[in-house]
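Undergrad: Give me the fold of what follows.
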Amino acid sequence: MFLGTYTPKLDEKGRLTLPAKYRDELAGGLMITKGQDHSLTVFPREEFAALAERAAGASRSNPQARAFLRSLASGTDEQRPDGQGRITLSSAHRKYAGLTKDCVVIGSVKYLEIWDAEAWDAYLAEHEEDFSEARDEALRDIL
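TA: I've put the predicted structure just below:
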């Protein structure tokens, strides 16, 4: 499971060092794609493959399903961390997520998310009450 919050720096070549505790799990390869809320999502290859299969199996007559599949497939980059646990984020990914030097990597159970540090702080400030006030309707499929 991917849990926790980490604050790596993005270097001048667009490289980001993954949290050490996840390097073994991601050493065989990972997929980086555009996430929601203008973050990046880092999937282990197997988890991404399962998501891609589900997306590809959706009805082609559903415009939202087509848009999701197109965005997922076209916005994904396969990576293998180097010996120091670094991955290189493409300029398109850095632009999409508004990444600057200060980044935040958060665990989201089955995947990691990469955020610009200021964007993450703003997201937390805006959504803290959502977490605190979550009701049965919102949590029905979770709890």
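
Undergrad: For this protein, give the helix that spans the most residues.
TA: Taking DSSP state H as the criterion, the chain has its longest helix at helix 117-132.

Undergrad: what ranges do the helices span in the protein?
TA: Applying DSSP H to the chain gives helices spanning 23-26, 45-56, 63-74, 91-97, 117-132, 136-139.

Undergrad: Ile106 is nearest to which of those helices?
TA: Ile106 lies closest, by C-beta to C-beta, to one member of those: helix 117-132, at 7.4 Å. In this view, the C-beta of every residue, glycine as well, is placed from N, C-alpha and C.

Undergrad: Against which helices or strands is that closest one packed?
TA: strand 103-107 (3 or more C-beta pairs under 8 Å, 6 or more residues apart in numbering; DSSP states H and E).

Undergrad: Return the residues in contact with Leu112.
TA: Phe2, Leu18, Pro19, Tyr22, Thr41, Val42, Val105, Ile106 (C-beta atoms under 8 Å, 6 or more residues apart in numbering).

Undergrad: In the longest helix of the chain, which residues are buried?
TA: Buried residues in helix 117-132, defined by neighbour count with 16 or more other C-beta atoms under 10 Å: Ala117, Ala119, Trp120, Tyr123.
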